[in-house]
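*Asks:* requesting a structural model of the entry that follows:
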Amino acid sequence: MSEERRGYLYGLTAYTMWGFFPIYFKLLRPAPPLEILAHRVLWSVVFVALLLSAMRNWRFLSRLLRTPRLLGGISLAAVLLAVNWGTYIYGVNSSRVVETALGYFITPLLVVLLGVTVLRERLRALQWVAVGIGVLAVAILTLDYGRLPYIALTLAVSFGCYSLIKKRMSLPPAEGAFVESGVLALPALAYLTWLNLSGSADFGHVSVTHTVLMMLSGVATAIPLLLFAAAANRVPLVGLGILQYVAPILQLAVGLLIYHEPMPAARLAGFGLVWLALIVFTVDGIRSARTAAHNRAAAAAEPAPETLPTH
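*Replies:* Residues are numbered from 1 along each chain as shown. You can find the predicted model right below:
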């Protein structure tokens, strides 16, 4: 198997796992979202620490401690990740799986907007068309819900900003996951300690299965992140862009087919516009990638300029 095919397998596995996350997190009820989030953080730290110990790779910490700006960036990324995780768990366990899927559908469009507003990137015409269709879709969905789809927008904004910060840093995936979870570990531990002292904790008081599933939430978090990182090193950017739609498609299917969440006509129209925007966005990305590849090939095929003899 070639490295690129192996990368697609890693990526498809990661996005498939993310797509079925709603089923996993619903199994963690009756624990409230904040308790689930705190355990997810703590067990992620434990799992990744064991992984780094097996790899004997702790040297990155000295570089991190010598670079306050990098540490600050990772801390901000960790906060955004906590907002994303907490919102997702809340959305799933309040029977809004469809709205969480919407959040990850519109994330690519929001990342493009962040590129314009923060990185001062210039959009191509079709990208502006895709963004415009996406804005119209959010307006229609707002009318349908009777409110802004705040869960979807919070997921998109938090993950988009998280991606932007991660783009500017250069920590490998395992090290990055450890530091981000480590930043959140102390607040998570303090919250869980308070829960236990007040007698409000569900961990260890529901069933053995529930306790084990809570402990495995760290493994369930870390494995797809590591698979995604392995895919990113092997798969072209366009391929990754298409793979990213696997997770929200599966989440939408889970919400509709397993949990029977409603999908009235207006909501379906809003989702249809989102999908249309993503089609335009993806087609533009493929065309742009092909044009860039053609230009590189043409430049490589040009004969080298002749050098004049020197006297």
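*Asks:* C-alpha from now on. contacts and neighbour counts both.
*Replies:* Fine.
*Asks:* for the longest helix anywhere in the chain, what is the average pLDDT?
*Replies:* Criterion DSSP state H: the longest helix present in the chain is helix 265-301. Averaging pLDDT along helix 265-301 yields 81.
*Asks:* over to stretch 91-103?
*Replies:* Here the average pLDDT along stretch 91-103 is 93.
*Asks:* now do it: distance to the chain's middle.
*Replies:* 15 Å (CA atoms, centre = their mean, to the nearest Å).
*Asks:* give the buried residues for that stretch.
*Replies:* Buried residues in stretch 91-103, counted by 16 or more other CA atoms under 10 Å: 91, 92, 93, 95, 96, 97, 98, 99, 100, 101, 102, 103.
*Asks:* distance to residue 34 and secondary structure added to those, as JSON lines?
*Replies:* What follows is the buried residues of stretch 91-103, written out as JSON lines (distance: CA to CA, whole Å; DSSP: H, G, I helix; E, B strand; the rest coil):
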{"residue": "91", "distance to residue 34": "12", "secondary structure": "helix"}
{"residue": "92", "distance to residue 34": "13", "secondary structure": "helix"}
{"residue": "93", "distance to residue 34": "11", "secondary structure": "helix"}
{"residue": "95", "distance to residue 34": "16", "secondary structure": "coil"}
{"residue": "96", "distance to residue 34": "17", "secondary structure": "coil"}
{"residue": "97", "distance to residue 34": "18", "secondary structure": "helix"}
{"residue": "98", "distance to residue 34": "21", "secondary structure": "helix"}
{"residue": "99", "distance to residue 34": "19", "secondary structure": "helix"}
{"residue": "100", "distance to residue 34": "17", "secondary structure": "helix"}
{"residue": "101", "distance to residue 34": "20", "secondary structure": "helix"}
{"residue": "102", "distance to residue 34": "22", "secondary structure": "helix"}
{"residue": "103", "distance to residue 34": "20", "secondary structure": "helix"}
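*Asks:* nearest to residue 208, of the residues you listed?
*Replies:* residue 93 (20.4 Å; CA to CA).
*Asks:* not counting sequence-adjacent ones, nearest residue to that closest one?
*Replies:* Nearest non-adjacent residue to residue 93, counting by CA to CA, 6 or more residues apart in numbering: residue 26, 5.8 Å away.
*Asks:* does the one you found touch residue 91 like I think?
*Replies:* No. Between residue 26 and residue 91 no contact is recorded; they are 10.3 Å apart, counting by CA atoms under 8 Å.
*Asks:* show me the helices in the stretch 1-150 of the chain, by range?
*Replies:* 3-19, 21-26, 33-55, 60-65, 68-93, 97-117, 125-145, 150-167 (DSSP state H, counting those that start in this stretch).
*Asks:* highest mean neighbour count out of the ones you listed?
*Replies:* helix 97-117 (a mean of 22; mean count of other CA atoms under 10 Å).
*Asks:* check which helices and strands that one sits against.
*Replies:* helix 68-93, helix 125-145, helix 150-167, helix 246-253, helix 265-301 (3 or more CA pairs under 8 Å, 6 or more residues apart in numbering; DSSP states H and E).
*Asks:* so which of those helices gets nearest residue 232?
*Replies:* helix 150-167 (12.6 Å).
*Asks:* tell me the mean pLDDT over that closest one?
*Replies:* Helix 150-167 comes out at a mean pLDDT of 86.
*Asks:* also stretch 181-188?
*Replies:* 89.
*Asks:* other residues contacting it?
*Replies:* By CA atoms under 8 Å, 6 or more residues apart in numbering, the residues outside stretch 181-188 that reach it are 38, 39, 41, 42, 44, 45, 75, 78, 79, 82.
*Asks:* from those residues, which is closest to residue 225?
*Replies:* residue 44 (11.0 Å).
*Asks:* once you drop chain neighbours, what's closest to that closest one?
*Replies:* residue 218 (3.7 Å).
*Asks:* for the spatially most central residue of the chain, what are its contacts?
*Replies:* Geometric centre of the chain, nearest residue: residue 159, 5.8 Å, by CA atoms, centre = their mean. Neighbour list for residue 159: 80, 81, 84, 107 [criterion: CA under 8 Å, 6+ apart].
*Asks:* quick one: the residue nearest to residue 44 from residue 212, how far?
*Replies:* 11 Å (CA to CA, to the nearest Å).
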